[in-house]
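Colleague: give me the fold of what follows.
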Amino acid sequence: MSKKIRVACVGYTNAWPLTRFLDPELFEVEACVPSVAARRLNQGEADVGLVPVASLFDKGAHWRVAPGWCIGSDGDVDSVLLVGETPLSEWEEVVLDGESRTSVILAQILLRGPLGRADIPVRAVDAGTGAFHAQGRVGAVVIGDAALNLPSRLTTRVDLGRVWKDWTGLPFVFAVWAGRPDLPREAIDGLRTAGERGMPERALAPASERDYLTRAIRYALDDRALMGLRRFVALGQSAGLLGAGDLSLYGPEPVAPRTALPSDLLTRAARGEPLDAASAHALSASAPTGELAAAADEVRWLRAPAREVTWLPAGNLTLDNLEARATALSAKKALAAVLHPGVAEADTLDRAVAAIRTLKGDHGLSTTGIGADDLQGMAIAAGVSPEAALERMVAAGLEGFGGPPTRAGAVLRPTWQAMHRLAGAHGLRGPATLTLGLGETREDRLRHLLALREFQAEELAAGRPGFTALSVWTALTGAPDRDDSAQAWLRTIALARLVLHNVEHLTAWWPSVGLGSAQAALFAGADDLGPALVDEHALAAPGRSFTTDGDEVEHHIRVAGFVPVRRDLDWTTLVRMTAAPEGRYARA
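Modeller: Numbers count the residues shown, from 1 in each chain. Next up, the predicted model:
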């Protein structure tokens with residue numbers, strides 16, 4: 001690309017996860033307030049901008065929206081408020097801050113709707129002056145960082161994100177990436193990639209910003225966000241507050257036609273022959289799903305000829321209410337706890353150490369689940385080195401490492417590799433993971449698998465234990481541009497079995513797609529179903545439950561024609577469940 005893509009974007013706190021990692025070789029970035037970003041885009045002074053959604057309907061604005069990310073909310077947003085010194089019922093006027101038309105239009109829609117003040121006159125004021133004008137019986141719309149630092153005299157604070165969610169049940173979208181219709185695909189992909197890199201970094205933000213960025217702001221421009229956006233557009237247009245027009249997104253990248261596979265490639269793959277990168281790419285791009293699964297199934301039987309499928313009697317725990325959840329796990333005769341420490345605060349390391357000690361000493365549960373980002377985040381927040389943090393957890397009884405959902409490409413990050421090498425030096429191992437539906441392409445997933453194979457080889461050659469398994473997840477977002485369906489999940493499992501000749505086991509992480517799909521995965525290369533979760537506090541696709549028990553998991557293994565085997569963290573203790581089941585899954 002001869003010229004850099006000109007980017008106009010806001011400099012607010014909530015924007016930096018989307019803008020901080022924009023590639024400087026590809027983008028030329030200028031920070032400005034939302035209204036200026038929209039004006040630059042409309043006047044041709046920028047090629048793409050992070051702009052208020054209201055500006056998409058300005059006269060002459062023929063822009064398209066880039067999929068992937070937005071700035072939105074799903075309840076309290078904290079930074080878009082109606083404020084005043086007196087109660088809303090006493091206001092005689094509302095001034096509209098000119099920084100973001102979307103927020104002021106939202107305020108007018110809500111005043112006419114659920115807030116019940118259709119009678120109140122409104123008046124525009126200069127950008128950034130809303131809080132100053134909010135005096136006496138005058139209220140104001142205040143947005144951005146100013147809304148996070150209000151004077152104490154403004155005692156009435158109505159969160160517009162919360163009012164919208166309570167009224168419609170939908171998220172609200174304040175700003176999107178929008179650009180000229182012929183924006184290069186490289187630029188659209190670059191915007192998505194920057195957001196993917198920025199999302200994990202929120203956990204490392206200063207404590208004063210971390211909660212706001214991780215709780216208040218919703219960044220995914222998924223189906224629910226688009227529903228909320230379209231509802232806002234319809235309401236705004238019917239009230240005469242938005243111009244005419246339809247929402248237009250950039251379409252997905254054209255799918256290249258499948259090329260013919262070499263005639264013997266699937267046969268060689270089914271024999272377990274190591275695949276080079278070119279062969280793996282050819283299978284990923286062109287092999288029919290059924291044939292890919294059949295080849296992976298052949299490899300699975302070559303590696304593990306016994307008709308057995310393993311699962312781990314374990315559940316997910318957080319640091320909150322840990323004792324009650326650990327007691328529930330013990331009552332289910334669990335062997336292990338998968339600990340999710342959450343966003344790292346200054347005391348998270350201390351709490352994690354205490355939790356591991358409690359789980360091991362009081363409940364006899366092996367503890368795993370801490371991952372590379374967890375370790376790094378806790379160490380930074382506690383002001384110690386990762387080595388010191390891990391040593392404390394190992395001394396408390398930590399027995400496994402890894403397992404949190406990992407986006408494609410994480411294995412290439414030097415810090416991710418360093419954390420796993422450190423864990424390996426302490427004799428800790430566990431599953432690697434790959435999660436579909438976080439904005440990655442199929443090629444990104446394959447690169448992740450190939451890089452994981454290379455890293456595993458390095459670890460084993462260095463005498464470290466490496467990974468016990470790969471666990472494949474899917475976010476199952478339902479977004480039209482995300483290839484994260486149950487079929488994509490099965491294809492990835494099959495491809496992983498063919499590529500990862502040095503990773504012994506393959507776990508079908510079933511909760512997002514159901515145990516029925518997991519049965520199909522057992523014929524596509526998987527030989528393990530991972531933890532049987534007895535607590536809903538884990539990561540699930542929207543509207544799906546992670547709650548089950550060992551009886552249900554074993555029932556699905558049996559129905560698929562396999563013998564269920566209960567395992568421990570390292571597959572060192574295996575108990576074949578050959579006895580006839582009892583209870584609700586007993587045979588008639």
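
Colleague: helices or strands up against the helix or strand of the chain with the lowest mean pLDDT?
Modeller: When the helices and strands of the chain are scored by mean pLDDT, DSSP states H and E, helix 34-42 comes last with a mean of 82. On a contact count with 3 or more CB pairs under 8 Å, 6 or more residues apart in numbering; DSSP states H and E, helix 34-42 meets strand 5-9, strand 48-52, helix 101-112, strand 172-179. To be clear about C-beta, it is placed using only N, CA and C from the backbone, and glycine gets the same treatment.

Colleague: just those: most buried one?
Modeller: Mean neighbours per residue, mean count of other CB atoms under 10 Å, is largest over the helices and strands packed on helix 34-42 for strand 48-52, with a mean of 29.

Colleague: what's that one in contact with?
Modeller: The contact list for strand 48-52 (CB atoms under 8 Å, 6 or more residues apart in numbering) reads 5-10, 15, 18-19, 34-35, 37-38, 40-41, 66, 71, 100-103, 174-180, 183, 187, 191.

Colleague: what angle sits between it and strand 5-9?
Modeller: For strand 48-52 against strand 5-9, the angle by axes from the mean of the first three to the mean of the last three CA atoms, to 10 degrees is 20 degrees.

Colleague: export strand 48-52 to PDB, keeping only CA atoms.
Modeller: The C-alpha trace of strand 48-52 is given here as PDB (Å, rounded to 0.1, in the frame of the first residue of the first chain):
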ATOM      1  CA  VAL A  48     -11.600   5.800   8.300                       C
ATOM      2  CA  GLY A  49     -12.700   7.100  11.700                       C
ATOM      3  CA  LEU A  50     -13.900   6.000  15.100                       C
ATOM      4  CA  VAL A  51     -17.100   8.000  14.900                       C
ATOM      5  CA  PRO A  52     -20.400   8.500  16.600                       C
END
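
Colleague: could you list the buried residues of stretch 345-358?
Modeller: Glu345, Thr348, Leu349, Arg351, Ala352, Val353, Ala355, Ile356, Arg357, Thr358 (16 or more other CB atoms under 10 Å).

Colleague: no wait, stretch 126-134
Modeller: Neighbour-count burial for stretch 126-134, with 16+ other CB under 10 Å as criterion, is recorded at Ala127, Gly128, Thr129, Gly130, Ala131, His133, Ala134.

Colleague: what's in contact with it?
Modeller: With contact meaning CB under 8 Å, 6+ apart, stretch 126-134 is reached by 33, 35, 83-85, 95-99, 125, 140-143, 146, 150-151, 154.

Colleague: which residue ranges of the stretch 151-300 of the chain form strands?
Modeller: 156-159, 172-179, 218-221 (DSSP state E, counting those that start in this stretch).

Colleague: and for the stretch 1-150 of the chain?
Modeller: 5-9, 27-31, 48-52, 64-73, 80-84, 93-97, 122-125, 138-143.

Colleague: so what's Met419 closest to, chain neighbours aside?
Modeller: Spatial nearest neighbour of Met419, chain neighbours left out: Ala372 (3.6 Å); criterion: CB to CB, 6 or more residues apart in numbering.

Colleague: quick check, pLDDT for that neighbour.
Modeller: If you check Ala372, the pLDDT there is 93.

Colleague: how about it, what does it touch?
Modeller: Counting by CB under 8 Å, 6+ apart, Ala372 touches Gly402, Ala410, Thr415, Trp416, Met419, His420.

Colleague: in helices, which of the residues you listed appear?
Modeller: Thr415, Trp416, Met419, His420 (DSSP state H).

Colleague: could you save the strands of the stretch 151-300 of the chain as CSV and add columns showing mean pLDDT and distance to Trp509?
Modeller: Listed next are the strands of the stretch 151-300 of the chain as CSV, based on pLDDT from 0 to 100; distance: least, CB to CB, whole Å:
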stretch, mean pLDDT, distance to Trp509
strand 156-159, 95, 36
strand 172-179, 94, 30
strand 218-221, 93, 20
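
Colleague: quick one, which of these is nearest to Leu500?
Modeller: Closest to Leu500 of the strands of the stretch 151-300 of the chain is strand 218-221 (CB to CB; 29.2 Å).

Colleague: from the chain's centroid, how far away is the closest one?
Modeller: How far strand 218-221 lies from its chain's middle: 10 Å, per CA atoms, centre = their mean, to the nearest Å.

Colleague: any regions of the protein where pLDDT drops low?
Modeller: 1-2, 98-100, 253-260, 478-481, 533-547, 580-588 (pLDDT under 70).

Colleague: domain ranges for it?
Modeller: If you go by automatic domain parsing, the domain ranges for the chain are 5-71+171-238, 80-168, 307-578.
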